[in-house]
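Q: just a sequence and a predicted model for now, questions to come.
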Amino acid sequence: MGLPIPNSKLCMWLFLGTEIMFFTAFIGTYIVLRLGSVDANGVNAWPTDPEVTHILVPMGAINTLVLILSSYCVVAAHEAMAYSRFGKARLFLWLTFAAACVFLGIKGVEYAGKISHDILPGRVAETAEQAEQKFLREMEEVVEAGASAEFAQAFQDTRNRLTEDVSTSIPLASIAERRAALGPGERLPPLTPEELEHHAAGLREKFPSEMSAVHDPHPILYGNLFASTYFLMTGFHALHVVVGMIIFGIVLAKGTKLGPQHREYVENAGLYWHFVDLVWIFLFPLIYIV
Amino acid sequence: MAHEHHEFEPPIAGEHEQSHHAANYLMVLGVLLVFTLLSVVFDVVDMKGKTVLGVFNGSLLLIVLVLAVAAAKALCVMAYFMHLKFERNWKYVLLAPTIILAMGLPLALMPDIGVPYYTSVAPQREEVVHERAKEESEAAETRIREPVPPGSHE
């Protein structure tokens, strides 16, 4: 009695059942959080502009192709094993392994882009005020690390400007004078986010090396939630790719000893790998396109 | 090629009937590649935030289209690459409960987090409420003491 499949395959399917729940929890939570991320007017404000999120659709599309091709290779390997063409099976298993490397390489390029723009959980400024604070903090870190006196002066000026919160159309030196001339209830025009970005661009031109460690003061509403969900989903997926590489690595290490006794192993490894592909099939549209 | 002498063994070996069914895997691969291209085309067409064909909300249409393509791709992978098409009925017994349980968390979170029925500026934190009351009383005082001079930008 029992099911008409090997125990190992039943175990793999039961494991994949838990994996379905594991990834659905992340993907479902991402969808729910994204739907609930509205601005003060109740309009959805999830960041989707590639200029802001540094999501690269071509990279995601290439990775989708790579995984689909690798899935085909696994199926071809399984087929070759069934027909006892073990040399062919090994070739396809190596191709799958190579595809996994390519996938992780592209993922690495994407992660590097996110890291260089500081799109990381807990590090994204979500409001204009947070963007100002982060900008000052990063400039201060450069000064403390030992920057030129000129840059230290530029930092002081920037800090004074932000403390005064007065438009860059009014020179710092004349702020006190202009303020004294104000009537009651009146105030000088405040510094706008655009002016601050312009100011940052000016500094970047003047101090290219110092400013390389300072990010643009550009707030991204829900940027932290975006980064958290992005890295959680793609990170766990990448981890599954790594585990897949280990699984294929074990059978590839058999070298020419690959034989009929490995048929079940290759089939189960294939099931796991198709599942990894399946998860990416949903992650690609949900993260990159929608 | 020491192992190639197995070549003419029947494809089915072992005590269990392995799920070996010849499907045209190259054709499945072709379909999957076309579907992937289709999702990229939907992205390039750039219908987000526009009205498509005069009636459809572009953002919503994009979601429906790319998720439909994803579902079709997933079905292809599961049916042919994972051989579910050729498996016996145990597949339903095993997969149906997991899928139902997997829906639990998103559905449980949906009403409180997914449906925004209050705005993020709701004055519910004590210090925010106090600050607002202070601002309002100050503003009222200013209005009484200093009427806005004519010609002022306010």
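A: Thanks, I have it. Residues are numbered from 1 along each chain as shown, chains lettered A, B, ... in the order given.

Q: only C-alpha atoms for contact and neighbour calcs from this point on.
A: OK.

Q: any low-confidence regions in chain A?
A: In the predicted model, chain A carries pLDDT under 70 at residues A:1.

Q: pretty sure A:G36 sits against B:L109.
A: No. Under the criterion of CA atoms under 8 Å, A:G36 is not in contact with B:L109, lying 10.1 Å apart.

Q: higher neighbour count, these two?
A: Per other CA atoms under 10 Å in any protein chain shown, whichever of A:G36 and B:L109 has more neighbours is A:G36, with 22 against 15.

Q: with adjacent residues omitted, what lies nearest to that one?
A: B:G114 (4.1 Å; CA to CA, 6 or more residues apart in numbering or on different chains).

Q: what's the neighbour count on the one you found?
A: Residues lying near B:G114 (other CA under 10 Å) number 21.

Q: cool, and A:A99?
A: Count around A:A99 with other CA under 10 Å applied: 22.

Q: next structured bit after the strand or helix carrying it?
A: In this assignment (DSSP states H and E), A:A99 forms part of helix A:86-116. Note on helix A:86-116: by DSSP H and E, the next helix or strand toward the C-terminus is helix A:128-144.

Q: what residues sit buried inside stretch A:173-184?
A: The neighbour-count check on stretch A:173-184 (16 or more other CA atoms under 10 Å in any protein chain shown) flags A:I175 as buried.

Q: ah, wrong one, I meant stretch B:24-43
A: Here stretch B:24-43 shows B:Y25, B:V28, B:L29, B:L32, B:L33, B:F35, B:T36, B:S39, B:V40, B:F42, B:D43 as buried, counting by 16+ other CA under 10 Å.

Q: same thing with stretch A:153-166?
A: Under the neighbour-count rule (16+ other CA under 10 Å), stretch A:153-166 has A:A154, A:F155, A:Q156, A:T158, A:R159, A:R161, A:L162, A:V166 buried.

Q: just give me the closest of those to chain B.
A: Proximity of those to chain B (CA to the nearest CA) peaks at A:V166, which lies at 17.1 Å.

Q: helix/strand/coil for the closest residue to the closest one other than its chain neighbours?
A: Spatial nearest neighbour of A:V166, excluding adjacent residues (CA to CA, 6+ apart): A:P190 at 4.3 Å. Put simply, A:P190 is coil when judged by DSSP: H, G, I helix; E, B strand; the rest coil.

Q: phi, psi for A:P190 please.
A: Here is the backbone geometry of A:P190 (degrees, to the nearest 10): phi -70, psi 160.

Q: buried residues, stretch B:48-56. List them.
A: Neighbour-count burial for stretch B:48-56 [16+ other CA under 10 Å]: B:K48.

Q: does stretch B:24-35 reach chain A?
A: Yes. Applying CA under 8 Å from any CA of the partner chain, one finds stretch B:24-35 touching chain A at B:Y25, B:L26, B:L29, B:L32, B:L33.

Q: now do the strands in chain B.
A: B:51-52, B:56-57 (DSSP state E).

Q: indicate the residue of chain B located nearest to chain A.
A: For chain B, CA to the nearest CA, closest residue to chain A: B:G114, 4.1 Å.

Q: buried set for the host helix or strand of A:A200?
A: According to DSSP H and E, A:A200 maps onto helix A:193-206. For helix A:193-206, a neighbour-count test (16+ other CA under 10 Å) marks A:P193, A:L196, A:E197, A:A200, A:A201, A:L203, A:R204 as buried.

Q: one more: stretch A:46-54?
A: Buried, per 16+ other CA under 10 Å, within stretch A:46-54: A:W46, A:P47, A:T48, A:T53.

Q: what does stretch B:63-81 give?
A: In stretch B:63-81, counting by 16+ other CA under 10 Å, buried: B:63, B:65-67, B:69-70, B:72-78, B:80-81.

Q: run the chain-centre distance for that stretch.
A: Chain-centre distance of stretch B:63-81: 12 Å, with CA atoms, centre = their mean, to the nearest Å.

Q: do it and chain A meet at all?
A: Yes. Contact between stretch B:63-81 and chain A, assessed by CA under 8 Å from any CA, occurs at B:I63, B:V66, B:L67, B:A70, B:A71, B:K73, B:A74, B:V77, B:M78, B:F81.

Q: list the contacts for the fourth one?
A: Contact partners of B:A70, counting by CA atoms under 8 Å, 6 or more residues apart in numbering or on different chains, are A:I281, A:F282, A:P285, B:F35.

Q: now the one residue sitting closest to the centre of chain B: closest residue in space that isn't a chain neighbour?
A: By CA atoms, centre = their mean, the mean C-alpha position of chain B lies nearest to B:L67, the distance being 7.1 Å. In space, B:L67 comes closest to A:P285 once its chain neighbours are excluded; the distance is 6.8 Å by CA to CA, 6+ apart.

Q: what number of residues lie near that neighbour?
A: That count, for A:P285 with other CA under 10 Å as the rule, works out to 24.

Q: kindly report the same for A:T168.
A: 17.

Q: for the one 4 residues further on, same thing?
A: Neighbourhood size, A:L172 [other CA under 10 Å]: 15.

Q: isn't it up against A:L162?
A: No. Using CA under 8 Å, A:L172 is not in contact with A:L162; the gap is 10.4 Å.

Q: for the residue nearest to the centre of chain B, give me its contacts.
A: Per CA under 8 Å, 6+ apart, neighbours of B:L67: A:F282, A:P285, A:L286.

Q: among the residues you listed, name the ones in helices.
A: A:F282 (DSSP state H).
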